[in-house]
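Q: One predicted model, sequence on top.
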Amino acid sequence: MKKIKLHLFVITTITALLSNNVFGQINPKEVDALVTNALGKFNVAGAAVAIVKDGKIIHKKGYGIKSVDSKLLVDEHTNFEIASNSKAFTTAALSILVDEGKISWTDKVKKYIPEFKMYNDYVTENFTIEDLLSHRSGLGLGAGDLMMFPDGTDFTIKDVVTSFQHFTPVSGFRAQFDYDNQLYLVAGEVTARVSKMTWENFIQKRILEPLQMKNSFSSINQLKDINTMASPHSSESGTIKKIPLYGAMVNGAAGGIVSNVDDMSKWMLAQLNKGKYGTNLEKQLFTEERQSEMWTIHTVERTNSNPRYNQHFSGYGLGWSLSDIKGNLSVSHTGGLPGMLSIVTMIPDLNLGVVILTNTENGGSGLFSSVSQTIIDSYLGLNDFGWVDKYAAHFQAQKKSEDAVTKKVWETVSKAKNTTLKNEDLIGLYEDKWFGKVEIFLKGNQLWFKSHRSPKLNGPMSFYKANTFAIKWEYQDMNCDAFAIFNLDEEGKGQSIKMKGISPEIDFSYDFQDLDLQKVKN
């Protein structure tokens with residue numbers, strides 16, 4: 001569901017020279033060697049890659065294994081959760097409704113969802129469908145994502161559409177880019193209310209079926225054969241371990257689709273053909289005008305300074321990240337769920353598209369970034385820049401830095417002596433206006449944290465320093481352990497709790513910093 005924080009051009013300090021050797025393409029054996037090398041360098045269990053060029057699928061293949069348990073091989077039909085690459089399907093669905101005259105991009109959200117409420121009246125009354133898709137709400141990065149991360153929460157779409165009033169904005173309305181998953185869930189609800197069918201059914205019947213994406217599904221719950229799925233993995237501990245599949249969401253508009261590189265090739269071809277599909281491109285999914293709107297920057301982002309790509313603009317359209325590379329438009333998006341990381345990149349001027357799906361966190365994003373960049377570079381006539389090795393070095397340095405911070409925290413915990421705070425003064429029921437109730441209680445002699453609405457967020461609390469405790473979640477599929485900072489009254493009893501992640505590289509969807517937990521009961 002996430003847009004991966006590691007963007008394609010993360011290494012911006014490298015000065016590069018163009019090669020005199022213009023390849024114009026990359027051959028299948030080079031792709032095989034490239035991906036196989038990356039699997040080892042980034043400690044990834046499996047991946048699948050497809051390339052479309054000039055209206056044809058010229059490469060589609062699986063690499064590695066679906067699961068470290070089964071050892072079954074990945075192929076072009078192996079399904080992965082594509083996470084935030086689902087967002088472009090949501091904007092395509094809304095584009096179809098615009099083409100049919102049922103909605104307009106500038107329609108107010110309240111026209112279709114009267115209970116929708118933002119952080120002030122002006123924003124509430126003026127928030128449009130276009131705003132839902134452009135990450136320019138004024139809310140902070142990943143605001144409200146704790147309602148869906150980890151999975152297994154009991155939040156409903158009603159909770160989502162009324163939650164935004166409880167957040168403090170970090171910028172002016174439409175002033176800057178801050179990635180937001182929750183507003184895409186609202187966009188999915190708009191799709192449902194206008195079309196009179198669920199978002200999942202609309203995507204399945206109006207997009208996946210027409211494009212003959214026969215083995216793709218709009219929800220993990222609609223998957224017909226679990227054996228077609230790759231299993232997600234974590235390499236956080238240094239060894240690859242299988243973790244559970246992320247479950248179904250409130251709706252799939254932000255990241256619920258399951259697909260494979262064979263089917264995603266059909267999706268890219270429809271995009272590159274300006275919404276047209278069929279044997280002779282005689283059918284139209286959405287009009288060229290709608291695609292132009294989706295591929296127009298609505299929210300400006302910072303450009304990349306790497307001279308290798310000579311970038312002049314960067315921003316977000318409707319479900320797509322947009323920039324220029326050597327004078328060519330680049331249309332792309334990343335996606336991430338626990339153990340499932342993906343990228344789609346298209347260069348329309350070259351009639352080129354690349355999709356890479358992976359099944360291991362954290363290395364999957366290093367693999368998809370370096371491999372996709374190398375493939376695209378070859379078509380741009382750029383030299384082989386050794387992206388796999390460069391990204392691998394970057395990842396290793398980042399992981400070493402992250403591990404040093406978290407290791408120091410837990411060393412401090414192990415040595416800490418709680419001489420001022422009494423556990424019994426902190427126990428009680430605390431409540432946040434959008435996240436609901438959490439309970440601080442004693443489990444034996446151990447202070448414990450338990451969320452009532454997000455069952456996987458529970459675990460022991462250990463004294464860190466001052467009025468702060470460190471929580472080691474029982475859920476360890478992602479690195480999301482957190483600090484709980486108590487506010488005390490004059491008698492030393494807990495009155496409220498603020499939280500934040502321990503790791504400097506914690507995924508932004510664990511937005512603990514947005515919680516304001518107030519004690520409601522001892």
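A: On my side now, so go ahead. Numbering: from 1, shown residues only.

Q: C-alpha only now, for contacts and for neighbours.
A: OK.

Q: Let me know how buried the nearest residue to Val413 once chain neighbours are set aside is, in neighbour terms.
A: The spatial neighbour of Val413 that comes closest, neighbours along the chain excluded (CA to CA, 6 or more residues apart in numbering), is Tyr464 at 4.8 Å. For Tyr464, the neighbour count with other CA atoms under 10 Å is 23.

Q: so who does Tyr464 touch?
A: By CA atoms under 8 Å, 6 or more residues apart in numbering, Tyr464 lies in contact with Val409, Thr412, Val413, Ala416, Ala470.

Q: and it, which of the three is it?
A: In terms of secondary structure, Tyr464 is strand; the call rests on DSSP: H, G, I helix; E, B strand; the rest coil.

Q: Widest-spaced pair of the contacts of Tyr464?
A: Farthest pair in these (CA to CA) is Ala416 and Ala470. Separation: 11.3 Å.

Q: Give the intersection of the neighbour lists for those two.
A: Common contact partners of Ala416 and Ala470 (CA under 8 Å, 6+ apart): Phe463, Tyr464.

Q: quick one: which of those two has more around it?
A: The residue with more neighbours, out of Ala416 and Ala470, is Ala470; 24 against 14, by other CA under 10 Å.

Q: Need phi/psi at that one.
A: Backbone torsions of Ala470, given as degrees, to the nearest 10, read phi -110, psi 130.

Q: There's contact between it and Phe486 in this structure, I believe.
A: No: using CA atoms under 8 Å, Ala470 makes no contact with Phe486, being 11.3 Å away.

Q: Report how many residues lie close to Leu133.
A: Residues lying near Leu133 (other CA under 10 Å) number 31.

Q: What's the separation between it and Glu293?
A: Leu133 is 12 Å from Glu293, where distance means CA to CA, to the nearest Å.

Q: Now list whatever residues contact both of those two.
A: By CA under 8 Å, 6+ apart, the residues touching both Leu133 and Glu293 are Gly317, Leu318.

Q: so which helix or strand takes in the spatially closest residue to Val300 that is not a sequence neighbour?
A: Leaving out its chain neighbours, the residue that sits closest to Val300 by CA to CA, 6+ apart is Gly315, at 4.3 Å. Per DSSP states H and E: Gly315 is located in strand 314-316.

Q: That strand pairs with which strands?
A: In the sheet, strand 314-316 lines up against strand 299-300 (antiparallel), strand 321-325 (antiparallel) (DSSP bridges).

Q: Buried deepest among these, which one?
A: strand 321-325 (a mean of 23; mean count of other CA atoms under 10 Å).

Q: buried residues in the helix or strand following it?
A: Beyond strand 321-325 on the C-terminal side, the first helix or strand identified by DSSP H and E is strand 328-337. Within strand 328-337, the residues that count as buried by 16 or more other CA atoms under 10 Å are Leu329, Ser330, Val331, Ser332, His333, Thr334, Gly335, Gly336, Leu337.

Q: pLDDT of whichever helix or strand comes after strand 328-337, averaged?
A: For strand 328-337, the following helix or strand on the C-terminal side (DSSP H and E) is strand 340-347. Averaged across strand 340-347, pLDDT comes to 98.

Q: Likewise for stretch 55-70?
A: Across stretch 55-70, pLDDT averages out at 97.

Q: Start and end of that stretch, how far apart?
A: Separation of the first and last residues of stretch 55-70 by CA to CA is 36 Å.
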